[in-house]
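Chemist: one predicted model, sequence on top.
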Amino acid sequence: MEPKLRFGYLYDFRNPAQWRRPWAELYADILDFAAHTESLGFHGAWVPEHHAADDGYMPSPLVALAAIAARTKRLKLGSGIALAPLYHPVRFAEECAVLDHLSGGRLEMAVAIGYRRREAEGYGVDFSKRGSRTDEFLEIVTRLWRGETVSFAGRHFRIENARIVPTPTRGRIPLYLGGFNEKAIARTAKYGDGYFGNLDVVDLYVEKLRELGKPPSEGRIRIQGLFTVVAHDPEQAMDELAPYFLHVNNTYGEWLNEDKAATGVNDSHMLEPMTLDAFKQSGILNILTPAQAIDSFRAMRAKAPVEHFMMMLPPGLPPSRFVKYAEVFAREVMPAFA
C-alpha cells in the first residue's frame with residue numbers, strides 16, 4: 001500500500017540585507033509560523049544548512065529544529081538537508097538522538113555531501129574527499145543509532161569503543177539522502193531509508209535499490225518543491241512573492257555555479273541569477289490555483305509514490321504575510337490527499 005502524500009514547509013531562516021530585521025524577531029516569527037502550520041494540518045517542518053552566507057542562511061539546523069520541537073507536538077521534524085562532511089559522526093549521532101527524545105520521536109534526518117567548496121574549506125574538510133568522508137560518517141552514525149559500540153579505523157575517522165546514550169526512541173532515526181548524480185544516488189540506496197530531492201532522479205534511485213537487491217517499494221521518496229505556491233489569484237501572488245523567491249533563485253544560482261562540476265546538475269536553466277522581470281517570465285515560480293495543484297500532485301504520484309512534498313517559507317517576506325497562502329493550501333488542497 002502506497003503511503004499517503006503529506007505536506008510541509010522548509011525554513012532556511014534567512015534575513016536578506018534588503019529586508020533585514022532584528023534576528024531574534026525574525027526567528028520568533030518563523031517559529032510562530034511553523035506552529036501555525038501544525039494547527040492547519042501540515043505534517044512537516046524542515047531546516048536546511050549552509051554556512052557563511054551573507055543572508056544568514058541557517059548554519060545550525062539541529063538548534064533550529066530543537067526550537068521548532070519546543071513549539072509543536074505533532075509535526076515531523078528534520079534537516080533538509082544537513083551537510084554530512086562537516087560533522088563528526090559521534091557528535092551528530094548523539095545530538096540527533098537527544099533531539100529525537102526531546103521531540104517525542106518526531107525526528108527524521110536528511111543529509112548530503114554538499115556542493116560548496118568554501119563551506120568545506122571553512123571547516124578544514126578536503127572538498128574532493130567529501131564523498132568518502134560521508135560514507136564513513138554514515139557507517140558510524142547508523143551503527144551508533146542501532147545501539148552498537150563502535151570501533152572504526154578509516155581514512156577520515158578513527159574511533160574506539162564509541163557508544164551513545166540515549167539511543168533514538170525507535171532504535172533508529174529515519175535517514176534520507178539527497179543528491180543528483182549516480183554516486184550520490186548509489187549512496188542513498190545503500191545507507192538511506194529514502195531519497196530526498198527531485199522527481200526526475202527517482203528512476204535512478206529505484207534502479208540503485210534493485211542493484212542492491214532491495215525492493216523498490218521499501219524506498220521512501222520526498223520531493224522538494226521550493227518554488228511551488230498555491231493561490232486563488234496567481235497573478236497577484238506573483239507580484240507579491242516574486243521578489244522574495246528571486247532572492248532564493250539568485251543565491252542558489254550563484255552558489256551552484258561556484259563549483260558546478262560538483263553539483264551533478266546538468267540543466268543550468270534554473271540555476272542562473274536573473275532580473276525580476278526575467279524571473280517572473282521564467283516559469284520557475286510555479287503559482288497554482290488549488291485545482292491545478294491537486295491535478296499536479298496527482299500526476300506526480302502517478303510517476304512515483306512520493307510520501308512528502310516540501311514547499312518553503314520565502315526569505316525576506318514577513319511570515320504573517322505568507323499565512324494566507326498556507327491556509328489556502330491546507331483548506332483546499334490537502335483534503336484531496338487525506
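Modeler: On my side now, so go ahead.
Chemist: CA atoms for contacts and neighbours, from now on please.
Modeler: Fine.
Chemist: list the buried residues for stretch 236-247?
Modeler: Neighbour counts over stretch 236-247 (16 or more other CA atoms under 10 Å) mark A237, M238, L241, A242, P243, Y244, F245, L246, H247 as buried.
Chemist: and these, which of them are in helices?
Modeler: Using DSSP state H, the members of the buried residues of stretch 236-247 that fall in helices are A237, M238, L241, A242, P243, Y244, F245, L246, H247.
Chemist: what is the nearest of those residues to G44?
Modeler: Closest approach to G44 among those (CA to CA): F245, at 20.7 Å.
Chemist: the closest one contacts P314, correct?
Modeler: Yes - counting by CA atoms under 8 Å, F245 touches P314, with 6.0 Å between them.
Chemist: ok, back up a step: can you redo the ones in helices among the buried residues of stretch 236-247 as a markdown table with pLDDT and distance to D32?
Modeler: What follows is these, written out as a markdown table (pLDDT from 0 to 100; distance: CA to CA, whole Å):
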| residue | pLDDT | distance to D32 |
| --- | --- | --- |
| A237 | 98 | 22 |
| M238 | 98 | 24 |
| L241 | 98 | 20 |
| A242 | 98 | 23 |
| P243 | 98 | 23 |
| Y244 | 98 | 20 |
| F245 | 98 | 21 |
| L246 | 98 | 24 |
| H247 | 98 | 23 |
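Chemist: wait, which of those residues is closest to L209?
Modeler: Among these, F245 lies closest to L209 (CA to CA), at 34.6 Å.
Chemist: separation between that closest one and N15?
Modeler: 13 Å (CA to CA, to the nearest Å).
Chemist: now the common contact residues for these two.
Modeler: Shared contacts of F245 and N15, defined by CA atoms under 8 Å, 6 or more residues apart in numbering, are found at P315.
Chemist: can you pull out the strands in the stretch 1-150 of the chain?
Modeler: 6-10, 44-47, 76-79, 82-83, 109-112, 150-153 (DSSP state E, counting those that start in this stretch).
Chemist: now do the stretch 201-338 of the chain
Modeler: 220-224, 228-230, 286-288, 306-312.
Chemist: the first one vs strand 6-10, what angle?
Modeler: Read that as strand 220-224. Following axes from the mean of the first three to the mean of the last three CA atoms, to 10 degrees, one obtains 50 degrees for the angle between strand 220-224 and strand 6-10.
Chemist: list the neighbouring strands of strand 220-224 plus their orientation.
Modeler: strand 194-197 (parallel), strand 306-312 (parallel) (DSSP bridges).
Chemist: dump these to TSV, plus mean neighbour count and distance to P174.
Modeler: Output for the strands paired with strand 220-224, formatted as TSV (neighbours: other CA atoms under 10 Å; distance: least, CA to CA, whole Å):
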stretch	mean neighbour count	distance to P174
strand 194-197	25	8
strand 306-312	21	13
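Chemist: want to throw those strands into CSV with mean pLDDT?
Modeler: As requested, the strands paired with strand 220-224 are exported to CSV (pLDDT from 0 to 100):
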stretch, mean pLDDT
strand 194-197, 97
strand 306-312, 98
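Chemist: nearest to T228, out of these?
Modeler: strand 306-312 (6.2 Å).
Chemist: and the contacts of the closest one?
Modeler: For strand 306-312, contacts defined as CA under 8 Å, 6+ apart pick out 3-11, 44, 220-229, 300.
Chemist: show me which of the residues you listed are buried.
Modeler: Buried subset of these (neighbour count, 16+ other CA under 10 Å): 5-11, 44, 220-229.
Chemist: okay, and the beta partners of A162?
Modeler: Beta-bridge pairing for A162 (DSSP bridges): V150.
Chemist: against T275, how distant is it?
Modeler: 52 Å.
Chemist: now swap in A336 and tell me
Modeler: 36 Å.
Chemist: now do G213
Modeler: 47 Å.
Chemist: just I140 next, same as before
Modeler: Taking CA to CA, one finds I140 at 45 Å from T275.
Chemist: quick check: the most centrally placed residue in the chain vs P273, distance?
Modeler: In the chain, the residue lying closest to the centroid (CA atoms, centre = their mean) is G80, at 1.9 Å. Distance, G80 to P273, using CA to CA: 23 Å.
Chemist: please apply the same query to M311.
Modeler: Using CA to CA, we find M311 at a distance of 21 Å from P273.
Chemist: again with P305
Modeler: In this view, P305 and P273 are 33 Å apart by CA to CA.
Chemist: which one, of the strands of the stretch 201-338 of the chain, ends up nearest to A186?
Modeler: strand 220-224 (14.5 Å).
Chemist: okay, the closest residue to A242 other than its chain neighbours and F42: tell me how far apart.
Modeler: Using CA to CA, 6 or more residues apart in numbering and skipping the chain neighbours, the partner closest in space to A242 is K280 (6.6 Å). Here the criterion is CA to CA. By it, K280 lies 28 Å from F42.
Chemist: so which of those two has more stuff around it?
Modeler: Each of K280 and F42 has its neighbours counted (other CA atoms under 10 Å); F42 has more, 23 against 20.
Chemist: surely that one meets G8?
Modeler: Yes - with contacts counted by CA under 8 Å, F42 reaches G8, the gap being 5.5 Å.
Chemist: just the helices from the chain, written as ranges.
Modeler: 23-40, 61-71, 89-102, 117-122, 130-145, 182-191, 202-211, 234-258, 276-282, 290-303, 319-332.
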